[in-house]
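Visitor: sequence and predicted model, in that order:
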Amino acid sequence: MSSQATTSIAAMASSFLASVKILTNTQPCAAAGLLALGSFTVASTLVAWTSVFLRIFVRPGINLKKFGAKKGAWAVVTGASDGIGREFSLQLAKAGFNVLLAARNGEKLAAVAQEIDGKSGSAVQTKTFAIDFAHADDATYEQFQSTLKDLDIGILVNNVGKSHEMPTDFIDTPAEEMNDILAINVNATLRVTSFVAPGMASRHRGLILNIGSFAGSAPSPMLATYSASKAFLVTFSEALAAELKPKGVVVELANTYFVVSSMSKIRRASAMVPTPAAYVRSVLRKIAPGTQTPFWSHALLDYVMQIAPASIVQAYTHALHVDIRKRALRKKEREAKKN
Ligand SMILES: NC(=O)c1ccc[n+]([C@@H]2O[C@H](COP(=O)([O-])OP(=O)(O)OC[C@H]3O[C@@H](n4cnc5c(N)ncnc54)[C@H](OP(=O)(O)O)[C@@H]3O)[C@@H](O)[C@H]2O)c1
Ligand SMILES: *[C@@H]1O[C@H](CO)[C@@H](O)[C@H](O)[C@H]1NC(C)=O
C-alpha cells in the first residue's frame with residue numbers, strides 16, 4: 001500500500017473516532033442504539049455463518065437403508081453410462097441396491113453393468129434399458145414403464161440432462177437443440193417420475209433425486225433454455241417434495257456447480273470442480289428433502305451467490321459464458337484444422 005493511501009486511511013479512521021466521541025457525548029441514546037444495532041448485525045451474521053457451516057460440514061443425510069438398501073430394492077438411474085450417472089450406479093450398487101441403468105448406448109450400459117456385477121459378486125442385480133430420451137416415442141416409453149412396473153424401486157435418480165453445445169445467445173440457438181433440452185431435462189423427468197412415484201407412495205418408501213444445476217438457481221445468459229429447464233426442476237422438485245412427504249417419499253433437487261465430465265468438458269478436478277466419484281459421494285452422504293447443494297465448495301459458492309446482489313451474479317455468469325464460448329469456438333477451429 002502506498003504511504004499516501006496509509007495516511008488517508010489513518011485520517012479517515014481518526015475522523016471516524018472523533019465523530020463517535022462527539023456522538024457518545026452529545027447523544028448517548030443514539031449511540032447506545034447504534035451499538036445495539038451493530039451488535040445485532042454481527043450476532044446475526046455469526047448465526048448465519050454457523051448454520052451454513054453446520055449444514056455443509058456437519059449435518060448428516062438420511063441413511064440409504066431407509067430406501068431399501070440390501071433388502072432387494074432397486075435404484076433406477078437415467079444417463080447411467082457415463083459421468084455422474086455412472087457413479088450413482090456404481091455407488092448405489094456398492095450400498096446394496098439392485099440397479100437399472102438407462103441411457104442411449106447399450107454397449108456402454110452393458111459395460112457399467114458388468115463392472116457392477118464384477119465388483120458386487122452376486123450381491124446385487126443389474127438391468128439395462130437403452131432409450132434415447134430426446135426422441136423416445138410413446139411405445140418406447142411404454143416399454144420402459146413395463147420394465148419398471150414389477151420392480152421394488154427404492155431410488156430414482158433423474159440424472160440424464162442435456163445442455164447447449166456451448167454458451168450461445170437464444171436467438172442463435174438451433175430449434176433442435178432447444179427441443180432436445182426440453183425433451184430430456186423436462187419431459188423425461190416428468191414421465192419417468194410418473195412411472196415410479198405411485199409405487200413409491202404405495203410402499204411408503206422412496207427417494208426421487210433430481211440433478212439440478214447452478215444454471216437453474218440463477219438465470220444464466222447464453223444458456224437460457226438449459227437454465228430455464230433446470231429452474232423447472234427446482235420448482236417441480238420442491239412442489240413434489242411437499243406432496244410426497246406425507247406418503248413417505250423424499251424428493252431432492254441436488255444443486256450442482258461444475259463436475260469433471262464430458263458435459264462440462266472439464267478434465268481436471270479442483271476444489272471447485274470435483275470428480276463424479278467425489279461429487280456423488282457427497283450427494284449420497286447428505287440426502288435431504290428439497291433443494292440441497294451437497295458438495296462443500298458448491299455450497300459455499302451458493303451461499304455467496306445468495307447474499308450477493310442478483311445483478312452482480314448475473315453479470316459474472318454472463319461474462320463467464322462469453323469467455324467459455326470464446327474458448328469453445330477456438331477449440332472447434334483447432335479441431336477443424338486438424339481434420
Ligand atoms: N458436469 C457438470 O459440470 C454438471 C453441472 C451441473 C449439472 N449437471 C447435470 O448432471 C447430469 C449429468 O451430467 P454429466 O456431466 O454426468 O453428463 P455426461 O458425462 O455427458 O453423461 C451423460 C449421460 O447421459 C446419457 N445421455 C445423454 N443423452 C441422452 C439421451 N438423449 N437419452 C438417454 N441418455 C442420454 C449419456 O449416455 P449415452 O450417450 O449412452 O446416452 C451419459 O450416460 C445432467 O443432468 C447435467 O445437467 C452436470
Ligand atoms: C413434451 O411432452 C409433451 C406432452 O407429452 C409433448 O406435447 C411435447 O411435444 C414434448 N416436448 C418435447 C420437446 O419433447
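Guide: Noted; the coordinates are in hand. Numbering: from 1, shown residues only. Ligands and ions are numbered 1, 2, ... in the order given.
Visitor: strands of this structure, start to end?
Guide: For the chain, applying DSSP state E gives strands covering 74-78, 98-103, 126-130, 153-158, 206-211, 249-254, 290-292.
Visitor: buried sites along the last one?
Guide: Taking 16 or more other C-beta atoms under 10 Å as the basis for neighbour counts, the residues of strand 290-292 that come out buried are 291-292. Backbone N, C-alpha and C define where each C-beta goes, glycine included.
Visitor: does that strand reach ligand 1?
Guide: No. Judged by C-beta under 6 Å from any ligand atom, strand 290-292 and ligand 1 are separated, with a smallest distance of 13.4 Å.
Visitor: quick one on the thing from earlier: could you take the strands of the chain and lay them out as JSON lines, with extra columns for distance to residue 306 and mean pLDDT?
Guide: Formatted as JSON lines, the strands of the chain follow (distance: least, C-beta to C-beta, whole Å; pLDDT from 0 to 100):
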{"stretch": "strand 74-78", "distance to residue 306": "29", "mean pLDDT": "98"}
{"stretch": "strand 98-103", "distance to residue 306": "34", "mean pLDDT": "98"}
{"stretch": "strand 126-130", "distance to residue 306": "38", "mean pLDDT": "98"}
{"stretch": "strand 153-158", "distance to residue 306": "24", "mean pLDDT": "98"}
{"stretch": "strand 206-211", "distance to residue 306": "20", "mean pLDDT": "98"}
{"stretch": "strand 249-254", "distance to residue 306": "15", "mean pLDDT": "98"}
{"stretch": "strand 290-292", "distance to residue 306": "11", "mean pLDDT": "97"}
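Visitor: format those strands as TSV; extra columns: distance to ligand 2.
Guide: Converted to TSV, the strands of the chain look like this (distance: least, C-beta to the nearest ligand atom, whole Å):
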stretch	distance to ligand 2
strand 74-78	15
strand 98-103	17
strand 126-130	18
strand 153-158	15
strand 206-211	17
strand 249-254	20
strand 290-292	24
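Visitor: how about those strands in CSV, adding distance to residue 311?
Guide: Below are the strands of the chain laid out as CSV (distance: least, C-beta to C-beta, whole Å):
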stretch, distance to residue 311
strand 74-78, 35
strand 98-103, 39
strand 126-130, 45
strand 153-158, 32
strand 206-211, 28
strand 249-254, 25
strand 290-292, 22
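Visitor: so which of these is nearest residue 262?
Guide: Proximity to residue 262 (C-beta to C-beta) singles out strand 98-103 among these, at 12.5 Å.
Visitor: so the closest one, near ligand 1 or not?
Guide: Yes. Using C-beta under 6 Å from any ligand atom, we find that strand 98-103 touches ligand 1 at residue 103.
Visitor: give me the helices and strands touching that strand, please.
Guide: Applying 3 or more C-beta pairs under 8 Å, 6 or more residues apart in numbering; DSSP states H and E, one finds that strand 98-103 makes contact with strand 74-78, helix 83-94, helix 106-120, strand 126-130, helix 138-149.
Visitor: could you check the angle strand 98-103 makes with the longest one?
Guide: Using axes from the mean of the first three to the mean of the last three C-alpha atoms, to 10 degrees, one finds that helix 106-120 and strand 98-103 are set 160 degrees apart in direction.
Visitor: angle of helix 106-120 against strand 126-130?
Guide: Using the same axes, to 10 degrees: helix 106-120 against strand 126-130 is 170 degrees.
Visitor: I'd like the average pLDDT over helix 106-120.
Guide: Averaged over helix 106-120, pLDDT sits at 96.
Visitor: for it, buried residues please.
Guide: Neighbour count says helix 106-120 has 108-109, 112-113, 116, 120 buried, by 16+ other C-beta under 10 Å.
Visitor: and the second one, by the same measure?
Guide: Along helix 83-94, these residues count as buried under the neighbour rule (16+ other C-beta under 10 Å): 83-93.
Visitor: now it, how far from the chain's geometric center?
Guide: 16 Å (C-alpha atoms, centre = their mean, to the nearest Å).
Visitor: for the fourth one, same thing?
Guide: Using C-alpha atoms, centre = their mean, the distance from the centre of strand 126-130 to the centre of the chain it belongs to is 25 Å.
Visitor: what are the C-alpha coordinates of it, in PDB please?
Guide: Only the C-alpha atoms of strand 126-130 are listed here, as PDB (Å, rounded to 0.1, in the frame of the first residue of the first chain):
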ATOM      1  CA  THR A 126     -28.400 -55.200 -12.700                       C
ATOM      2  CA  LYS A 127     -30.700 -54.500 -15.700                       C
ATOM      3  CA  THR A 128     -30.100 -52.100 -18.600                       C
ATOM      4  CA  PHE A 129     -32.600 -50.300 -20.800                       C
ATOM      5  CA  ALA A 130     -31.400 -48.500 -24.000                       C
END
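Visitor: what lines up beside it in the sheet?
Guide: strand 98-103 (parallel) (DSSP bridges).
Visitor: which residues in the protein form helices?
Guide: Secondary structure of the chain (DSSP state H): helices at 3-26, 28-53, 83-94, 106-120, 138-149, 175-181, 189-203, 214-217, 224-244, 276-285, 296-307, 310-338.
Visitor: span of stretch 248-265 from start to end?
Guide: Taking C-alpha to C-alpha, to the nearest Å as the measure, stretch 248-265 stretches 38 Å from start to finish.
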